[in-house]
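Q: Just the structure for this:
(one chain, ligands or ions: 2)
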Amino acid sequence: MLDEIKQIEQNAICLYTEQEVEAALDDLATVITSKLHDQNPLVLCVINGGIVTTGKLLPRLKFPLTLDSIYASRYCNSTAGTDIQWLYLPTTPLTGRNVLIIDDILDEGHTLQAIAAYCRQQGANTVYSAVLLDKNIGHSKPIQADFIGLEVANLYLFGYGMDYKAYLRNAAGIYACKEIL
Ligand SMILES: O=P(O)(O)OC[C@H]1O[C@H](OP(=O)(O)OP(=O)(O)O)[C@H](O)[C@@H]1O
Ligand SMILES: Nc1nc2[nH]cnc2c(=O)[nH]1
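A: Residues are numbered from 1 along each chain as shown. Ligands and ions are numbered 1, 2, ... in the order given. Down below sits the predicted model:
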């Protein structure tokens with residue numbers, strides 16, 4: 001397995017360097033702050049992929065907020081999406097809260113759509129979403145994110161929280177797999 005991971009990493013194409021992603025996170029935080037600074041939001045980190053984006057955004061958001069997580073996985077450490085598995089639900093009551101969902105990537109949009117629907121069903125007052133990346137998939141999505149860091153091409157990506165077969169979430173940059181083994 002580790003040989004395969006090494007090969008993927010060696011052949012990958014860097015789409016955004018660490019420096020470029022950090023600059024995009026600065027901009028994303030500025031836009032989120034201007035919109036939500038007086039909303040006392042409940043931030044929902046979409047684990048696993050959203051952990052890095054959430055962890056890097058939080059210290060940039062210098063206003064009152066609380067944090068919880070939600071684990072809805074559609075890819076389950078593989079490179080193709082199927083049905084959503086609900087693996088962890090927030091323990092914080094969502095009733096009346098202004099929720100900000102944070103995830104790494106909006107791809108087909110099914111995960112974000114399902115999480116936003118869940119939040120509304122739980123009585124959230126408003127539901128916002130922020131993604132580090134919005135993938136250009138060439139057709140419409142069931143949901144748009146309110147806050148977007150960077151646009152990316154329609155390729156399978158890893159880094160900044162995104163995995164290749166559960167590995168490479170720790171890669172410091174946004175990389176596209178040249179081939180999927
Ligand atoms: O827009 P979609 O096509 O629904 O895909 C986006 C979702 O896919 C990834 O999660 P994944 O299911 O791989 O789980 P993970 O967070 O554990 O990596 C990513 O973190 C998003 O949550
Ligand atoms: N790791 C990873 N997860 C995804 N989930 C949806 N699209 C992607 C992607 O390109 N890479």
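Q: residues near the residue of the chain found nearest ligand 1, how many?
A: In the chain, no residue comes nearer to ligand 1 than residue 49, which is 2.4 Å away by Cβ to the nearest ligand atom. From N, CA and C alone the C-beta is placed, and that goes for glycine too. By other Cβ atoms under 10 Å, the residues close to residue 49 number 23.
Q: Next one: it from residue 22, what distance?
A: 18 Å (Cβ to Cβ, to the nearest Å).
Q: repeat for residue 101
A: From residue 101 to residue 22 the distance is 22 Å (Cβ to Cβ).
Q: if we can go back for a sec, give the contact list for the residue of the chain closest to ligand 1.
A: Contact partners of residue 49, counting by Cβ atoms under 8 Å, 6 or more residues apart in numbering, are 103-105, 161-163, 169.
Q: repeat that with 7 Å
A: 103-105, 161-162 (Cβ atoms under 7 Å, 6 or more residues apart in numbering).
Q: ok, for it, nearest residue in space, not its chain neighbours?
A: Here the nearest residue to residue 49 in space, its sequence neighbours aside, is residue 104; by Cβ to Cβ, 6 or more residues apart in numbering that works out to 4.1 Å.
Q: Please, which helix or strand holds the one you found?
A: strand 98-106 (DSSP states H and E).
Q: And for residue 5, the neighbour number?
A: 16.
Q: That one sits in which helix or strand?
A: Applying DSSP H and E as the criterion places residue 5 in helix 2-11.
Q: now check that helix, is it near ligand 2?
A: No: for helix 2-11 and ligand 2, the contact criterion (Cβ under 6 Å from any ligand atom) is not met; the two come no nearer than 11.2 Å.
Q: Is residue 130 in contact with residue 27, as I believe?
A: No: judged on Cβ atoms under 7 Å, residue 130 makes no contact with residue 27 at a distance of 11.5 Å.
Q: Next, count neighbours for residue 106.
A: For residue 106, using other Cβ under 10 Å, the count is 24.
Q: who's the residue nearest to it when sequence neighbours are not counted bridged to?
A: Excluding the flanking residues, the one nearest residue 106 by Cβ to Cβ, 6+ apart is residue 131, at 4.5 Å. Residue 131 forms beta bridges with residue 103, residue 148, as assigned by DSSP bridges.
Q: need the contact list for residue 86.
A: Counting by Cβ under 7 Å, 6+ apart, residue 86 has contacts residue 72.
Q: Which neighbours in the sheet does the helix or strand containing it have, and how are they oriented?
A: Residue 86 is part of strand 85-88, with elements assigned from DSSP H and E. Applying DSSP bridges, strand 85-88 is found paired with strand 66-73 (antiparallel).
Q: Check whether the strand it pairs with comes near ligand 2.
A: No: using Cβ under 6 Å from any ligand atom, strand 66-73 never reaches ligand 2; the gap is at least 9.4 Å.
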